[in-house]
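Q: Quick check, what structure comes out for this input:
(one chain, ligands or ions: 2)
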Amino acid sequence: MEKIKRTKVVDLLKSTEYDRTVNVKGWVRTKRGNNKIAFIALNDGSVIHNIQIVVDVPGFDEEILKKITTGASVSVTGKLVKSLGKGQPVEIQAAEIEVYGTADPATYPLQKKGHSMEFLREIAHLRPRTNTFGAVLRIRHSLAFAIHKYFNDHGFFYLHTPIITGSDAEGAGEMFRVTTLDAKNPPLLENGEVNFKEDFFGKQTNLTVSGQLEAELGALALSQVYTFGPTFRAENSNTPRHLAEFWMIEPEMAFYDIHDDMDLAEDFLKYLVQYVLDHNSDDLEFLNKMFDKELIRRLQSTMETKYKRLDYTTAIGILEKSGKKFEFPVSWGVDLQAEHEKYLVEQHFKKPVILTDYPKDIKAFYMKQNDDNKTVRAMDVLFPRIGEIIGGSQREEDYDKLVRRCNEMNIPEQEMWWYIETRKYGTVPHSGFGLGFERMVLFITGMKNIRDVIPFPRTPQNAEF
Ligand code: 4AD
Ligand code: MG
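A: Numbering: from 1, shown residues only. Ligands and ions are numbered 1, 2, ... in the order given. Modelled structure (predicted):
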């Protein structure tokens with residue numbers, strides 16, 4: 001038989017050109033039938049649905065058919081016909097089957113049955129082959145594409161900021177060291193400390209926690225830029241919303257104040273939700289049915305509503321008056337915990353909330369200081385089920401104020417000279433924010449744990465795969 005070019009399942013299922021010979025390749029989800037006829041459900045990851053292969057059993061070598069079990073990889077050539085059965089528009093009448101690889105039913109872990117998310121994490125090398133992870137990974141892709149599209153359509157430039165840096169952008173100190181020094185025998189200074197002058201870069205370096213500081217340099221030249229890259233935090237948080245390696249989207253805009261910043265954040269988030277509603281409906285319907293019956297409704301409602309904007313001080317007042325007993329007691333000055341964010345978003349306002357003007361002592365050194373001398377022009381977007389999904393602010397553009405704040409917070413001025421210098425030459429008001437990519441995927445897919453929305457999660461004590 002002449003070699004026929006492979007067609008993806010997604011395209012075959014949409015096709016109405018019946019009675020032509022096609023080739024499909026993929027992984028067997030199930031095989032059922034009897035000694036006359038067999039039905040293979042084949043999936044190639046291009047779409048959540050399988051294509052049905054109909055096999056006239058007596059016409060095939062028994063040895064080949066025996067190899068076709070759940071998980072095996074095959075190439076099937078045959079006639080695409082309108083399906084008589086329910087549940088699929090078309091099916092393929094197999095004329096030729098080639099088995100690429102078998103999957104021993106005695107050991108292949110993904111047999112046709114429900115598996116716990118915990119178990120699937122242990123087989124992260126195979127879990128992309130499940131319906132759930134196929135759906136999540138396709139949505140993740142779609143979202144990444146939509147992010148680039150949004151910024152491109154809005155005149156932003158994609159700026160690649162470094163992964164290895166010598167600065168601690170957030171000033172939080174939760175960084176992974178990057179070094180080529182011998183851990184067992186590092187060069188020492190006279191006082192016994194490690195001599196980083198002898199390290200690869202001639203100084204201490206680490207994996208970046210944020211591309212913001214460099215994005216600001218870009219914005220102060222190109223007006224509007226964004227970064228979209230991996231960021232790393234060595235915080236020992238074992239929670240369903242923290243990863244040690246996660247992806248962050250950080251737009252940075254010259255001539256934007258905090259209100260412009262909030263407007264952009266809200267428009268951007270709504271665009272992303274709408275994009276996935278428009279382009280991933282099959283995957284969303286699957287997740288809605290299997291995991292979270294409220295999912296699609298929740299996504300639609302965040303599209304329709306205007307986010308509630310209020311300042312931190314007002315929010316603290318609401319929490320104090322709520323009469324709720326929080327595990328972490330509330331008073332002015334405390335950092336908000338997940339339980340507080342949840343209360344505001346899910347119980348009090350019942351919509352996404354943007355909180356502004358946080359106490360300066362719980363926020364980073366670069367945020368614009370308010371005249372009250374107590375708060376800074378921060379803005380965090382809080383989402384239902386997720387809590388903080390975006391953190392951002394207007395930036396301090398005043399040279400003297402920025403230097404003073406660096407000193408107060410022990411940010412080494414001599415390390416940050418390049419950042420501070422932009423306030424000396426042609427400084428302008430500017431703002432930006434960071435969206436946690438996985439938290440957005442978590443919100444959109446309705447999954448419960450951030451480990452299940454990234455292909456290979458990195459968390460404390462876990463860097464397998
Ligand atoms: O609030 P964060 O720490 O802000 C920044 O890094 C700023 N430099 C952003 C900016 O203004 N350009 O982080 C931003 C977002 C959070 O709102 C959250 O969604 C996500 O990044 N995030 C994490 N996501 C997963 N795992 C973690 N450990 C995260 N830490 C922060
Ligand atoms: Mg934050």
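Q: what residues does this structure put near ligand 1?
A: By CB under 6 Å from any ligand atom, the residues of the chain that approach ligand 1 are 169-170, 210, 212, 233, 242-243, 246, 248, 250, 388-393, 432-434, 436, 438-439. For every residue, glycine as well, the C-beta is placed using N, CA and C.
Q: So which of those belong to helices?
A: 212, 438, 439 (DSSP state H).
Q: Neighbour-wise, which one of those leads?
A: Using other CB atoms under 10 Å as the neighbour criterion, residue 212 leads these with 28 neighbours.
Q: Retrieve the pLDDT associated with the residue lying farthest from the centre of the chain.
A: Relative to the centre of the chain, the most outlying C-alpha is that of residue 58, 48.7 Å out, by CA atoms, centre = their mean. Residue 58 carries a pLDDT value of 97.
Q: Pretty sure it sits in a helix.
A: Yes: the assignment for residue 58 is a helix, going by DSSP: H, G, I helix; E, B strand; the rest coil.
Q: Can you name the residues that contact the residue nearest to it when sequence neighbours are not counted?
A: Nearest non-adjacent residue to residue 58, counting by CB to CB, 6 or more residues apart in numbering: residue 36, 6.9 Å away. With contacts taken as CB atoms under 8 Å, 6 or more residues apart in numbering, residue 36 has the following neighbours: 56, 57, 58.
Q: these two touch, right, residue 124 and residue 459?
A: No: counting by CB atoms under 8 Å, residue 459 is not a contact partner of residue 124; they are 11.8 Å apart.
Q: Let me see the contact set for the residue of the stretch 251-400 of the chain found nearest ligand 1.
A: The shortest separation between the stretch 251-400 of the chain and ligand 1 is 2.4 Å, found at residue 391 (distances taken as CB to the nearest ligand atom). Counting by CB under 8 Å, 6+ apart, residue 391 touches 378, 380, 433, 434.
Q: from memory the first one sits against residue 392, does it?
A: Yes: at 7.3 Å, residue 378 counts as touching residue 392 under the criterion of CB under 8 Å.
Q: quick one: the helices in this protein?
A: When secondary structure is read from DSSP H, the chain shows helices at 9-14, 62-67, 117-122, 131-153, 212-222, 258-279, 281-290, 295-304, 312-321, 338-342, 399-408, 417-421, 437-445.
Q: I'd like the ones you listed laid out as TSV, including distance to residue 160 and mean pLDDT.
A: Below are these laid out as TSV (distance: least, CB to CB, whole Å; pLDDT from 0 to 100):
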stretch	distance to residue 160	mean pLDDT
helix 9-14	32	98
helix 62-67	47	96
helix 117-122	31	97
helix 131-153	13	98
helix 212-222	9	98
helix 258-279	20	98
helix 281-290	30	98
helix 295-304	31	95
helix 312-321	34	98
helix 338-342	32	95
helix 399-408	25	96
helix 417-421	17	97
helix 437-445	16	98
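Q: Among those helices, show me which one is buried the most.
A: Per residue and on average, the most neighbours among those fall to helix 437-445, with a mean of 24 (mean count of other CB atoms under 10 Å).
Q: could you say what helices and strands that helix packs with?
A: The contact analysis (3 or more CB pairs under 8 Å, 6 or more residues apart in numbering; DSSP states H and E) places helix 437-445 against helix 131-153, strand 245-254, helix 258-279, strand 387-394.
Q: Residue 241 - how many residues pack around it?
A: For residue 241, the number of neighbouring residues by other CB under 10 Å comes to 19.
Q: list the contacts for the closest residue to it other than its chain neighbours?
A: If you skip the residues right next to it in sequence, residue 241 has residue 450 as its closest partner in space, 5.2 Å away by CB to CB, 6+ apart. With contacts defined as CB under 8 Å, 6+ apart, residue 450 is in contact with 240, 241, 242, 243, 246, 438, 439, 442, 457.
Q: repeat that with 6 Å
A: Contacts for residue 450 were tallied using CB atoms under 6 Å, 6 or more residues apart in numbering; they are 240, 241, 243, 438, 442.
Q: Now for the residue most central in space within the chain: which residues touch it?
A: For the chain, the residue nearest the mean C-alpha position is residue 438 (2.4 Å; CA atoms, centre = their mean). Residues in contact with residue 438, defined by CB under 6 Å, 6+ apart, are 246, 450, 453, 454.
Q: Restricted to strands, list those residues.
A: With DSSP state E as the criterion, strands contain residue 246 from among these.
Q: now, which of the contacts of residue 438 sits nearest ligand 1?
A: Closest to ligand 1, out of all of the contacts of residue 438 and judged by CB to the nearest ligand atom, is residue 246, at 3.8 Å.
Q: What is the end-to-end distance of stretch 187-198?
A: One end of stretch 187-198 to the other measures 7 Å (CA to CA, to the nearest Å).
Q: again with stretch 233-242
A: By CA to CA, one end of stretch 233-242 lies 9 Å from the other end.
Q: in it, what's buried?
A: Taking 16 or more other CB atoms under 10 Å as the basis for neighbour counts, the residues of stretch 233-242 that come out buried are 233, 241, 242.
Q: Go ahead and measure how far that stretch is from the middle of the chain.
A: In terms of CA atoms, centre = their mean, to the nearest Å, the centre of stretch 233-242 is found 15 Å from the chain centre.
Q: ok, longest strand in the chain?
A: The strand that spans the most residues within the chain, counting by DSSP E, is strand 20-33.
Q: which residue sits closest to residue 180, ignoring its sequence neighbours?
A: Leaving aside its chain neighbours, residue 180 sits nearest to residue 200 (4.4 Å; criterion: CB to CB, 6+ apart).
Q: Can you tell me the number of residues neighbouring the one you found?
A: When neighbours are counted by other CB under 10 Å, residue 200 registers 12.
Q: Also the one 3 residues further on?
A: Residues lying near residue 203 (other CB under 10 Å) number 10.
Q: what's the spacing between the closest residue in space to residue 22 that isn't next to it in sequence and ligand 1?
A: Nearest non-adjacent residue to residue 22, counting by CB to CB, 6+ apart: residue 80, 4.7 Å away. Using CB to the nearest ligand atom, to the nearest Å, we find residue 80 at a distance of 44 Å from ligand 1.
Q: Show me the buried residues of stretch 233-242 that map onto strands.
A: Secondary structure defined by DSSP E assigns none of these to strands.
Q: Dump those residues to CSV, plus pLDDT.
A: Supplementary listing: the buried residues of stretch 233-242 in CSV, determined by pLDDT from 0 to 100:
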residue, pLDDT
233, 96
241, 96
242, 97
